[in-house]
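**Student:** this one's sequence-less:
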């Protein structure tokens, strides 16, 4: 079962984000607090949205998707940028990831969005195989750039 996250899901979403960071070998980078997640997902002006996958048998959270709308200047319409998709190891293969992506694709179709996109680590071959089996294709001609921490502060201050 896939459902839209509620404020009561904040602790489990926070735990799932930490689990994802461990899986991606970067636990120190997952610094978001539950309060930050609550504000981002359920504050006065939500910046992101989340769905939770729940195991049909146990009723336990099996994974989540956290996303936000983006905009294509070339197509002139919104799309969805999937920030995180994670399924707990014991729940993998149970259809939760596919159900989460199907739900996001459905939102795109219903709203007239023309893209559903995300990033995946180069070494994550199981995820890459899963995504490609769904019809997703890598954008090989693009390289992701990021500015954070001290470099972001320096750029923002004009240094």
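**Tutor:** On my side now, so go ahead. Source: prediction; values computed, not measured.

**Student:** where is the longest helix in the chain?
**Tutor:** When the chain is parsed with DSSP state H, its longest helix is helix 96-111.

**Student:** quick check: closest non-adjacent residue to the most centrally placed residue in the chain.
**Tutor:** The chain has residue 84 as the residue nearest its centroid, 2.1 Å off, counting by C-alpha atoms, centre = their mean. Excluding its sequence neighbours, the residue lying closest to residue 84 (C-beta to C-beta, 6 or more residues apart in numbering) is residue 66, at 4.6 Å. All C-beta spots, glycine's among them, are computed from the backbone N, C-alpha and C.

**Student:** quick one: the helices in this protein?
**Tutor:** Counting by DSSP H, the chain has helices at residues 10-23, 34-42, 96-111, 125-133, 149-157.

**Student:** list the contacts of the last one.
**Tutor:** It stands for helix 149-157. When contacts are defined by C-beta atoms under 8 Å, 6 or more residues apart in numbering, helix 149-157 is touched by residues residue 147.

**Student:** that's all I had, so thanks and see you.
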